[in-house]
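S.K.: Here is a sequence together with a model predicted from it:
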Amino acid sequence: QVQLVESGGGSVQARGSLRLSCKATRTQFTIFSTDTMAWYRQAPGTQRELIASIAESTTYADAVKGLFTVSIDNFRTTISLEMKDLKPADTAVYYCTLVQVRASRHDYWGQGTQVTVSS
C-alpha cells in the first residue's frame with residue numbers, strides 16, 4: 001500500500017516561511033519523471049485546490065506563483081514545498097499527491113498537514 005507522509009506543517013506568523021515535505025513509500029511502481037507529484041490545499045469551507053505540481057516541469061496556481069517553490073529529490077520519492085511570505089489566506093490543510101499512469105491510473109493522497117498563518 002502506497003504511503004505519502006507529509007511533514008513540516010505548523011503555525012507561523014504572516015510574512016513567515018515554512019517548508020513542507022512529503023515522502024512516498026511502498027510505491028508499486030518506480031516514480032518516473034512522467035509521474036506527477038503535487039500539493040493541494042483545502043481551507044475550511046472551500047474546495048480543495050491544486051497549488052503546485054511537478055513532473056517533467058513544474059506548475060503553480062496563480063495565488064502562489066513567485067511565493068511557493070516545489071521541488072523533488074533525485075530519487076523522486078520526496079517532494080517539498082517551500083512557502084515564503086505566508087498570509088492568513090494560506091491557512092489550510094496541505095495534501096501531497098502522486099499520480100502514476102501505467103496500464104491504468106493510480107492516484108495516491110497523503111493524510112494532510114495543517115498550516116496556520118496568523119496575522
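M.R.: Now that the structure is in, tell me what you want to look at.

S.K.: Low-confidence stretches in the protein?
M.R.: Under the criterion pLDDT under 70, no range of the chain is flagged.

S.K.: longest strand of it?
M.R.: In the chain, with assignment by DSSP state E, the single longest strand is strand 92-101.

S.K.: distance between the helix or strand following that one and the chain's centre?
M.R.: Going down the chain from strand 92-101, the next helix or strand is strand 105-109, by DSSP states H and E. With Cα atoms, centre = their mean, to the nearest Å as the basis, strand 105-109 stands 14 Å off its chain's centre.

S.K.: ok, back up a step: what comes up buried for the longest strand of the chain?
M.R.: Neighbour counts over strand 92-101 (16 or more other Cβ atoms under 10 Å) mark 92-98, 100 as buried. Where C-beta positions appear, they are placed from N, C-alpha and C, glycine not excepted.

S.K.: what's the closest of those residues to residue 47?
M.R.: Checking those against residue 47 with Cβ to Cβ, the nearest one is residue 92 at 11.1 Å.

S.K.: Using PDB, write out every CA atom in the longest strand of the chain.
M.R.: Written as PDB, here are the backbone C-alpha positions of strand 92-101 (Å, rounded to 0.1, in the frame of the first residue of the first chain):
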ATOM      1  CA  ALA A  92      -5.300  25.300   5.100                       C
ATOM      2  CA  VAL A  93      -4.600  21.600   5.300                       C
ATOM      3  CA  TYR A  94      -2.000  20.800   2.700                       C
ATOM      4  CA  TYR A  95      -2.100  17.500   0.900                       C
ATOM      5  CA  CYS A  96       0.600  15.700  -1.100                       C
ATOM      6  CA  THR A  97      -0.500  13.600  -4.100                       C
ATOM      7  CA  LEU A  98       1.100  11.200  -6.500                       C
ATOM      8  CA  VAL A  99      -0.400  10.200  -9.900                       C
ATOM      9  CA  GLN A 100       1.000   7.300 -11.800                       C
ATOM     10  CA  VAL A 101      -0.400   6.100 -15.100                       C
END
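
S.K.: and it, what does it pack onto?
M.R.: The helices and strands touching strand 92-101, judged by 3 or more Cβ pairs under 8 Å, 6 or more residues apart in numbering; DSSP states H and E, are strand 3-7, strand 18-25, strand 36-42, strand 105-109, strand 113-118.
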